[in-house]
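**Q** coords please:
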Amino acid sequence: MEQVSYRIMRGLVKGNKGLRFRITTPRPFGNGKKFIDEFDPGARAFPYLGRFGWRSYDVFSCHIQKLSRECSHIWVTGTCAASLAAIRRVKMPKVLSHHYHHFENSTSRLKWSGFYELLCRGLSAVTFPTAFTCDEALRIAPWLKKKAHVVPNGFDVFFQGEEERLKLQQLARQSLKLPQQAWIVMNAGWLVPRKRFDIFLRTVAEVKNRLPESYFVICGSGMLEAQLKRLAEDLGLGRSVRFTGWVDDLSLYYKASDVLLFNSDFDTLPCAPMEAASYGCLVVASLAYGGLAEFIDHEITGFLFDKHDTDLLASSILRLAHDGTLSRNFREAAVRRLTHDYSMENGLAFYKDFFGSAN
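**A** I've put the predicted structure just below:
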């Protein structure tokens, strides 16, 4: 969500040089601090002490009240209870960008019902990146209907045709020291249980057995990194897979790769498949629960499965490796979908209108 927010802010500022952002967060800044400084060098983070940050909440809330005197609108870019609680008494237009799915377990409905009732009644608008997630929210809190908006994440498209893609792929592989002649499969994200990088590794092990010249890249970090590295060794992938650690800018990896293999138990609308497609990288995905089908039409813009079937996933990757016509058709169809439904113009339209009175 952070990268999506940065793109929106950059697009809004580009179209309105007088627009300014004041940024604060109840949690310490993460990897995105350098992007935040681009918009607000005075941005302030708080330590989030105690359960739900209650020990640092008062000072954070006071800071919100202070910033509100300089601002005309409030934008909360994520489902942070501390942030939403801190703005309840502020009287100005307020929008929440909600990017998370709702139904994970038997307590999910109760949790989200309380969230919307206690923290969202005073909001002017709530945006969702997919109709899938918006529909979930309305099943929980039907009264949100007049406030709810489906706002697609916007992406720039960098793919400029197959000849240019192959030229950039060669240069990217040279820069990253990746094998030039390999069929490269990648994924990127947090190495956490729901992201199912274990499925990625088991799938690419099957690909390697059937396509020896293949190579694999995992960009990301997280609690499962050591465990996943051991699994890669156990699967015989030691020299055929690269763990890069966290990468702020994935563009070179998208250019260098042939396929993004994305696997997750639940995701609203993951950015990696769409970012990859914007560079002409093919997408094969398995998502047990989420809204990715709004971007991937199975066997039209990519391969999308609702079960983590490693044999099926591997066969799909190999099918693309051996069928240039199919790969070209998928690549071009995905770019058309991005251009038509997920352009930066579409992603910015709601926010331009909402913040319009700030001009």
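
**Q** beta partners of the closest residue in space to Val241 that isn't next to it in sequence?
**A** In space, Val241 comes closest to Phe216 once its chain neighbours are excluded; the distance is 4.3 Å by C-beta to C-beta, 6 or more residues apart in numbering. Any C-beta I mention is one placed from the backbone N, CA and C, and that applies to glycine too. On the basis of DSSP bridges, Phe216 is bridged to Val185, Val241.

**Q** Show the contacting residues for Phe216.
**A** Counting by C-beta atoms under 8 Å, 6 or more residues apart in numbering, Phe216 touches Ile184, Val185, Met186, Phe200, Val204, Lys208, Leu237, Ser240, Val241, Arg242.

**Q** what about 10 Å?
**A** 182-187, 200-201, 203-205, 207-208, 232, 237, 240-243, 257, 259, 261 (C-beta atoms under 10 Å, 6 or more residues apart in numbering).

**Q** Now do the strands in the stretch 1-150 of the chain.
**A** Using DSSP state E, counting those that start in this stretch, the strands of the stretch 1-150 of the chain run over 24-25, 44-45, 74-76, 94-97, 125-128, 148-150.

**Q** just the buried members of the contacts of Phe216?
**A** Buried members of the contacts of Phe216, scored by 16 or more other C-beta atoms under 10 Å, are 182-187, 200-201, 203-205, 207-208, 232, 237, 240-243, 257, 259, 261.

**Q** circling back to that earlier point, got a markdown table for the strands of the stretch 1-150 of the chain, with mean neighbour count, distance to Arg55 and mean pLDDT too?
**A** Formatted as a markdown table, the strands of the stretch 1-150 of the chain follow (neighbours: other C-beta atoms under 10 Å; distance: least, C-beta to C-beta, whole Å; pLDDT from 0 to 100):
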| stretch | mean neighbour count | distance to Arg55 | mean pLDDT |
| --- | --- | --- | --- |
| strand 24-25 | 19 | 16 | 94 |
| strand 44-45 | 14 | 15 | 94 |
| strand 74-76 | 20 | 21 | 96 |
| strand 94-97 | 22 | 24 | 96 |
| strand 125-128 | 23 | 28 | 96 |
| strand 148-150 | 16 | 33 | 97 |
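
**Q** Appreciated, that's everything.
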